[in-house]
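Asker: the sequence isn't on hand, but the structure is:
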């Protein structure tokens, strides 16, 4: 999984903030592809909790069926998927969008994805595969930094410059490849260009050999609430050719999903 952006400072505990609940979520998020099973000490170290605090939370999650244990190591159980699928099931727009994306993937012969913006990251909400294009194992719920993804830049372009800058500065702007933009001024300039043209092409900035093109999904107010992209390998097609041959179909698909969103009356 990609490096996550730095989180915003935690709110102060009070009537509108339940610290114990927030700590429980931190325990859940401490599990990842790099740490699928953890000891009590490892969970405590990853979350900054005491061993006693981590133990109470883990045992509560185990009682509820979200965590399993062999007595020493803890792991998430499949029931944890209920939490993520609650979001997807509450957003029927993605059920409507899936056939549109399948048609697009078949048309351009490349993989197609949809994502939404969450802080300084994008979160994948739908994937249609035609090829394995990334060394990363991405699926629904996967996160990537917005600054180095085509969908992320499209979604950041829908925000005011001061908010874009704030989110960029909250990101870990590390170069993924020799082509990666990592300075805030350079990224702001690129995002302004994306805003002006209403689409983005990203040429091997996330991963060597990967090219992607993204377009926004707009709500009734004309706000970019999600993004679609198509991704391919540089050895099959260069960025200019992909832009010429795939961008019209991608923008048409994004427009269709935008219309479905407006017709459904649902928010994303």
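Answerer: On my side now, so go ahead. Since this is a predicted model, take the numbers as computed values, not measurements. Residues are numbered from 1 along each chain as shown.
Asker: burial of residue 237, as a residue count?
Answerer: For residue 237, the count of nearby residues is 18 (other CB atoms under 10 Å). For every residue, glycine as well, the C-beta is placed using N, CA and C.
Asker: 50 is where my numbering starts, stick with that
Answerer: All set: I'll call the first residue 50, so the last point we hit is now residue 286.
Asker: look up how far residue 157 lies from it.
Answerer: 10 Å (CB to CB, to the nearest Å).
Asker: please enumerate the helices of the stretch 100-249 of the chain.
Answerer: If DSSP state H, counting those that start in this stretch is used as the criterion, the helices of the stretch 100-249 of the chain fall at 100-113, 130-138, 142-157, 199-205, 210-218, 233-246.
Asker: overlap of the contact sets of residue 286 and residue 157?
Answerer: Contact criterion CB atoms under 8 Å, 6 or more residues apart in numbering; residues shared by residue 286 and residue 157: residue 294.
Asker: and for the nearest residue to residue 151 once chain neighbours are set aside, the neighbour number?
Answerer: With CB to CB, 6 or more residues apart in numbering as the criterion, residue 151 has its nearest non-adjacent residue at 5.4 Å, and that residue is residue 177. Around residue 177 sit 21 other residues, with neighbours defined as other CB under 10 Å.
Asker: test my guess that residue 177 contacts residue 162.
Answerer: Yes - contact criterion CB atoms under 8 Å: residue 177 and residue 162 qualify, at 7.3 Å.
Asker: mutual contacts of the two, please.
Answerer: Common contacts of residue 177 and residue 162, defined by CB under 8 Å, 6+ apart, comprise residue 150.
Asker: count of neighbours near residue 290?
Answerer: Neighbourhood size, residue 290 [other CB under 10 Å]: 12.
Asker: what distance do you get for it to residue 76?
Answerer: Distance from residue 290 to residue 76, counting by CB to CB: 47 Å.
Asker: again with residue 192
Answerer: Summarising the geometry, the distance separating residue 192 from residue 76, computed by CB to CB, is 18 Å.
Asker: looking at these two, which has the bigger crowd around it?
Answerer: Counting neighbours by other CB under 10 Å for residue 192 and for residue 76 shows that residue 76 has the greater number, 25 against 19.
Asker: skipping adjacent residues, who's closest to the more buried one in space?
Answerer: If the residues on either side of it in the chain are set aside, residue 76 comes closest to residue 106, at 4.8 Å by CB to CB, 6+ apart.
Asker: thinking the one you found is in contact with residue 93, fair?
Answerer: No - judged on CB under 8 Å, residue 106 makes no contact with residue 93 at a distance of 9.9 Å.
Asker: spatially central, which residue of the protein would that be?
Answerer: The centre of the chain sits closest to residue 172, judged by CA atoms, centre = their mean, with a distance of 1.8 Å.
Asker: give me the below-cutoff pLDDT ranges for the protein.
Answerer: Scanning the chain with the threshold set as pLDDT under 70 gives 50-65, 136-141, 180-186, 314-317.
Asker: residue most distant from the centroid, it?
Answerer: Among residues of the chain, the one most distant from the C-alpha centroid is residue 120; the distance is 33.6 Å, by CA atoms, centre = their mean.
Asker: how about that one, phi and psi?
Answerer: Listed backbone geometry of residue 120 is phi 100, psi -20, with angles given as degrees, to the nearest 10.
Asker: also residue 168?
Answerer: In terms of degrees, to the nearest 10, the main-chain angles of residue 168 are phi 70, psi -120.
Asker: number of residues surrounding it?
Answerer: Residue 168 has 17 neighbours, counted by other CB under 10 Å.
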